[in-house]
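**Q** Take a look and give me a structure for this.
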Amino acid sequence: MMPTLTNAQMRVADTTLAILTANPPSHHLEDRVVSLGNGRRFRIFRAIPKKRAPAAGYPVLTLLDGNAMFDDLTVGLLAACPDLVVIGLGYDTPRKFAQDERSLDYTPAKTLDGGPYADPSRQGRIYGGASAFLDMVIGELRAASEAGIDIDPRRRHLGGHSFGGLFALYTLFRRPDAFAGYAPVSPSLWWARQQMAQLEAKAVFPADQRLKLFVALGDKEQRSNDKGPPPTGPAPETMELIQRLSARPQFSVSAMVLKDHVHGATLLGALPHMLAWANG
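**A** The predicted model follows:
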């Protein structure tokens, strides 16, 4: 059984990023901080296959919360996907999670044409910046993270956990053509039920492309926030999403319920499956 991570641990844990000095036989590792034209700073992690790129280019999996994702990445996980470029979009912090930044970037506005807003219950924290962040992800951040790598544009994948999973779905509904596959893990649909329902209803998916979708969640995270009684099962909103999208001909859906996993543990629990899915 994977270790359980509490919300408090997610806030304060520092990274070790052992993979950066492990010298895995399958991949070159890189880590740098970039400044965008809008003044925002991001940390970009890259694992680039040592094998020659195929004629069409490498498949790529771009992971949100890059600090945490690369902190959990191991030599063995990379060895299992020797043809896959793995990119982590992170923040300029030694911590696994930059809570203020991810709260802004990964969450949708309250209305479809709205912008960022303050949460009075969490002083100083701003939410609702997903639209602006999406422009960065498919603009300057993509250019910086893929620079110098022969990428197959038809095999781009985006993955994220919790708020990151919410943003992966936001991207799917707003710009489904931006990636060929989406991997929301334990997406925080409880945070923005109405907004996400509206986005899903308005989404127009490519007629000439069958999108890949990988959804994973724990069997003990019926509720993803930190209030109320202990969760008793997989999040119903996510299970319903899986059913709806599986019924659409535009999707090839893979779903996984991780046994004995609460919300925080599903990041590590789903990571090997995400990598295999994107490498396939």
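**Q** N67 is in contact with T15, isn't it?
**A** Yes. Look at N67 against T15 with C-beta atoms under 8 Å: they come within range, at 5.4 Å. (Glycine included, C-beta is placed from N, CA and C.)
**Q** Between the two, point out the one with more neighbours.
**A** More crowded of N67 and T15, by other C-beta atoms under 10 Å: N67, with 24 against 17.
**Q** The more buried one: what's it in contact with?
**A** Each residue near N67 by C-beta atoms under 8 Å, 6 or more residues apart in numbering is listed here: T15, L17, R43, F45, G88, G90, Y91, T93, R95, K96, F97, A98.
**Q** got a markdown table for the residues you listed, with pLDDT and distance to P184 too?
**A** Converted to a markdown table, the contacts of N67 look like this (pLDDT from 0 to 100; distance: C-beta to C-beta, whole Å):
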| residue | pLDDT | distance to P184 |
| --- | --- | --- |
| T15 | 95 | 23 |
| L17 | 97 | 24 |
| R43 | 98 | 22 |
| F45 | 98 | 20 |
| G88 | 98 | 16 |
| G90 | 98 | 18 |
| Y91 | 98 | 20 |
| T93 | 96 | 23 |
| R95 | 95 | 23 |
| K96 | 95 | 19 |
| F97 | 95 | 17 |
| A98 | 95 | 19 |
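**Q** Can you name every helix or strand that the helix ranked longest in the chain contacts?
**A** Counting residues, the longest helix found in the chain (DSSP state H) is helix 266-279. If contacts are counted by 3 or more C-beta pairs under 8 Å, 6 or more residues apart in numbering; DSSP states H and E, helix 266-279 sits against strand 58-64, helix 66-72, helix 75-79, strand 151-161, strand 181-185, strand 211-218, strand 251-258.
**Q** Enumerate the positions of that helix that are buried.
**A** Within helix 266-279, the residues that count as buried by 16 or more other C-beta atoms under 10 Å are 266-275, 277-279.
**Q** thinking again about what came up before, list the residues that contact both of N67 and T15?
**A** R95, K96.
**Q** Return the member of the buried residues of helix 266-279 nearest to P249.
**A** If you rank the buried residues of helix 266-279 by distance to P249 using C-beta to C-beta, W277 comes first, at 19.9 Å.
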